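*Asks:* Need the 3D shape of this:
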Amino acid sequence: MANPQDTLKELMEKRKKEKEDIKAEVVTATQTIPMIKNESFLDFSYFKTIVDNEKDQSYLIQKTKELLTVQTSATLELGKILEEVAEHLLKQGSPDGVFEKFLEYNGINVKSARRYRYRYQLYTRAKENIKPIVALLSVREIDYLHKCPEILDDMTDDITLNEAKELLKVEEVKKINLNTNTNIEFSFDYSL
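*Replies:* Residues are numbered from 1 along each chain as shown. Presented below is the predicted three-dimensional model:
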């Protein structure tokens with residue numbers, strides 16, 4: 001029979017190894033999504049308008065970078081997980097509704113899940129220099145870009161976030177104008 005102290009020691013070592021393995025998995029997962037290091041595509045001039053002190057401006061810019069990194073990493077990681085689950089279920093030929101039930105169990109709205117997946121899909125498709133921009137686009141811009149992913153190919157490596165947003169606005173306006181070029185005729189008959 002094993003010594004209780006040895007058994008306890010083995011159990012503690014096993015748990016420590018499991019924790020290290022989980023920690024390694026988390027580090028590996030977050031390494032797949034690059035942090036915002038090169039912010040040349042961002043415009044932080046706004047902070048000059050709200051704070052005069054350069055030290056405070058730098059502080060707010062640094063904290064903004066941290067927030068953006070956490071937000072984009074979390075959103076993309078969610079998209080990655082949801083995409084993997086959707087693909088797995090599709091390959092397994094699972095019955096309709098299983099993915100929705102999975103989402104419901106995990107407290108994720110179906111529309112939100114779709115947006116996470118769209119962002120992740122576009123992110124993985126984008127050129128390396130465009131990836132951080134895709135990560136920072138609004139929900140509306142991601143939705144539009146998902147409908148017209150060829151716009152990603154039009155984005156040059158030196159495009160800024162604001163330029164990308166403008167490009168998506170222009171494309172959206174063009175699409176709206178194309179769809180609204182219909183002549184509508186009205187006639188009113190006043191004779192009763």
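*Asks:* Show me the shaky parts of this structure.
*Replies:* The chain contains residues with pLDDT under 70 at 1-2, 4-5, 19-41, 170-192.
*Asks:* quick one, helices of it?
*Replies:* Assigned by DSSP state H, the helices in the chain fall at 4-31, 46-50, 54-92, 98-105, 110-125, 131-136, 139-147, 151-154, 161-179.
*Asks:* Most tightly packed of these?
*Replies:* helix 131-136 (a mean of 22; mean count of other CB atoms under 10 Å). (C-beta placed from N, C-alpha, C; glycine too.)
*Asks:* So which other helices or strands are in contact with it?
*Replies:* Here helix 131-136 touches helix 54-92, helix 110-125, helix 161-179, going by 3 or more CB pairs under 8 Å, 6 or more residues apart in numbering; DSSP states H and E.
*Asks:* surely Leu76 meets Tyr118?
*Replies:* No. Counting by CB atoms under 8 Å, Leu76 stays clear of Tyr118, with 11.3 Å between them.
*Asks:* what is in contact with those two at once?
*Replies:* The contact sets of Leu76 and Tyr118 do not overlap (CB atoms under 8 Å, 6 or more residues apart in numbering).
*Asks:* Would you enumerate the residues in contact with Phe99?
*Replies:* Taking CB under 8 Å, 6+ apart, we find Phe99 in contact with 85-86, 89.
*Asks:* and the helices and strands packed on helix 131-136 as JSON lines, adding distance to Glu104?
*Replies:* Below are the helices and strands packed on helix 131-136 laid out as JSON lines (distance: least, CB to CB, whole Å):
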{"stretch": "helix 54-92", "distance to Glu104": "13"}
{"stretch": "helix 110-125", "distance to Glu104": "8"}
{"stretch": "helix 161-179", "distance to Glu104": "32"}
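*Asks:* closest to Phe44 out of the ones you listed?
*Replies:* helix 54-92 (4.8 Å; CB to CB).
*Asks:* what about that closest one, distance to the chain center?
*Replies:* In this view, helix 54-92 has its centroid 6 Å away from the chain centroid, taken as CA atoms, centre = their mean, to the nearest Å.
*Asks:* Remind me what that helix packs against, helices and strands.
*Replies:* helix 4-31, helix 46-50, helix 98-105, helix 110-125, helix 131-136.
*Asks:* want to throw these into CSV with distance to Lys63?
*Replies:* Shown next, in CSV, are the helices and strands packed on helix 54-92 (distance: least, CB to CB, whole Å):
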stretch, distance to Lys63
helix 4-31, 19
helix 46-50, 10
helix 98-105, 32
helix 110-125, 23
helix 131-136, 16
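*Asks:* Which of those sits closest to Tyr144?
*Replies:* Proximity to Tyr144, assessed across those by CB to CB, is greatest for helix 110-125 (10.1 Å).
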